[in-house]
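Peer 1: coords below, sequence missing:
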């Protein structure tokens with residue numbers, strides 16, 4: 001495995017996390033197609049979606065909500081010059097947990113979904129703490 005720099009891993013994790021926002025949306029789009037998409041009232045359609053497509057829509061929406069703090073943490077860490085393995089592992093853990101969060105949400109596995117949400121949140125907090133530690137006087 002190549003020796004990748006921590007800033008590179010942080011930046012790629014941020015990019016992957018931004019793509020993962022749209023991962024569950026494929027099922028939403030399919031559900032919209034099945035339910036008969038109405039361009040005049042696109043949000044009214046959500047009540048007509050299958051339960052799986054509704055959960056995919058909720059996973060998609062939650063991905064936006066969790067991406068913002070993660071992006072802020074990664075950007076602060078990059079500005080601070082964080083190079084710790086801890087931040088690197090946290091960034092990777094966030095991406096993996098968000099992937100499995102969507103899977104668990106769509107598959108209706110509440111405990112798995114909650115655990116993955118917790119891992120992602122802990123990863124974001126860890127990256128913030130690593131950045132704060134870098135800014136703190138020695």
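Peer 2: Structure's in. What do you need? This structure is a prediction, so every number in the text was calculated from the model and none was measured.
Peer 1: following the lowest-mean-pLDDT helix or strand in the chain, which helix or strand comes up?
Peer 2: Ranking every helix and strand in the chain by mean pLDDT, DSSP states H and E puts helix 25-35 at the bottom, with a mean of 73. Going down the chain from helix 25-35, the next helix or strand is helix 51-80, by DSSP states H and E.
Peer 1: so what does that next one touch, helix or strand wise?
Peer 2: Counting contacts by 3 or more C-beta pairs under 8 Å, 6 or more residues apart in numbering; DSSP states H and E, helix 51-80 is packed against helix 6-20, helix 25-35, helix 85-106, helix 110-135. Yep, even glycine has a C-beta here, placed from its N, CA and C like the rest.
Peer 1: now it against helix 6-20, angle please.
Peer 2: 160 degrees (axes from the mean of the first three to the mean of the last three C-alpha atoms, to 10 degrees).
Peer 1: Mind listing what's buried along helix 51-80?
Peer 2: Under the neighbour-count criterion of 16 or more other C-beta atoms under 10 Å, helix 51-80 has 52-60, 62-63, 66-67, 70, 73-74, 76-78, 80 buried.
Peer 1: again with stretch 112-124
Peer 2: By neighbour count with 16+ other C-beta under 10 Å, stretch 112-124 contains the buried residues 113, 116, 117, 119, 120, 123, 124.
Peer 1: what does that stretch contact?
Peer 2: 62, 66, 69-70, 73, 90-91, 93-94, 97-98, 100-101, 103-105 (C-beta atoms under 8 Å, 6 or more residues apart in numbering).
Peer 1: From those, pick the one nearest residue 13.
Peer 2: The nearest member of these to residue 13, counting by C-beta to C-beta, is residue 91 at 3.7 Å.
Peer 1: from what I can see the closest one touches residue 8, true?
Peer 2: No. Residue 91 is beyond contact range of residue 8, at 10.4 Å (criterion: C-beta atoms under 8 Å).
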